[in-house]
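Enquirer: Provided below for reference: sequence and predicted model.
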Amino acid sequence: MDVGLAHFLTDYGMQPAELGRKVEERGFESLLLPEHTHIPVSRDTPYPGGGELPPEYSHTLDPFAALAAIAAVTERIKIGTGVCLIIQRDPIVTAKEVASVDQISGGRFLFGVGAGWNREEMENHGTDPKRRFSLMRERIEAMKAIWTEDEAEYHGEHVDFDPIWSWPKPAQKPHPPILVGGNGEKVLDRVLAFGDEWMPNVISRDNIEPLGERIRELQQRAREAGRGEIPVSGFAAPRDPGSVERMAEAGFHRAFWYVDPEPRDEVARRIERYAERVGELQLT
């Protein structure tokens, strides 16, 4: 059972290189960065957390630029997206960005992906929210082709291109692990169709055992499909040793603790406090 961190890097918070060094120095296994290209000023989609949308959503740094900076000053921690909104991205460009960061980091990239929740944001990218899950699948399938084939091509309903040359290829073979985010009814179908890991939101201690039931369903379906055990990472997991131990018993492989986006000094203090809690864990 590993513990990593997730954090909204903003233009008013800690710089990427300093964040990466602190996370590695304090012994965490990994670090994820979320993504929002922009936030529409007028929108009807309610914030899933309730109330007003926090400012970090419109102030967050581009994850791939920030992760490249982090990769350059770290040696051990895994780094990745939590999550990349692939439905708002060109798959050919994104495949090159993923491969580039994986090369720069020496094969430490985790590709967390999701279909998003802000419908107005999707629409500004030309994405029909009603078709986002089929679009997500095709874009990931197309990127897998680019990563693994010298002359890649893909022909689908949403993504269509003839043979192309695109290097670099990822350092990890066949490609970085794809962590499929989400808790929806059909998320396990997506994990089994094109994912390597599942990354549900935990949020509350009350969600651990119910998610454990879904983990058991996932592993049973994986066995029936001839696959091995699928790792499960809990995003926004409760930040206390007891909950992490319960998560391990429920079948989770990793917990991501969310570090609130605050000014630099407060972020540094939170990382120190969370590192002390990791030291209290009794896990193997």
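Expert: Done, it's in. Computed from a predicted model, the values in this text were never measured in an experiment. Numbering: from 1, shown residues only.

Enquirer: can you give me the helices for the stretch 1-150 of the chain?
Expert: 16-25, 56-59, 63-73, 91-104, 119-124, 132-148 (DSSP state H, counting those that start in this stretch).

Enquirer: list the buried ones in the longest one?
Expert: Buried residues in helix 132-148, defined by neighbour count with 16 or more other Cβ atoms under 10 Å: 132-133, 135-140, 142-147. The C-beta positions use only the backbone N, C-alpha and C, and glycine is treated the same way.

Enquirer: off-centre distance for that helix?
Expert: Here the centre of helix 132-148 is set off from its chain's centre by 16 Å, with Cα atoms, centre = their mean, to the nearest Å.

Enquirer: so which elements touch the longest strand anywhere in the chain?
Expert: If each strand of the chain is counted by residues according to DSSP state E, the longest one is strand 78-85. With contacts defined as 3 or more Cβ pairs under 8 Å, 6 or more residues apart in numbering; DSSP states H and E, strand 78-85 has these neighbours: strand 30-33, helix 63-73, strand 109-114, strand 178-181.

Enquirer: mind putting these into TSV with mean pLDDT, mean neighbour count and distance to Asp102?
Expert: Putting those into TSV (pLDDT from 0 to 100; neighbours: other Cβ atoms under 10 Å; distance: least, Cβ to Cβ, whole Å) gives the following:
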stretch	mean pLDDT	mean neighbour count	distance to Asp102
strand 30-33	98	26	14
helix 63-73	98	20	9
strand 109-114	98	26	4
strand 178-181	98	26	12
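
Enquirer: relative to Gln88, which of these is closest?
Expert: Ranking the helices and strands packed on strand 78-85 by proximity to Gln88 (Cβ to Cβ) places strand 109-114 first, at 10.4 Å.
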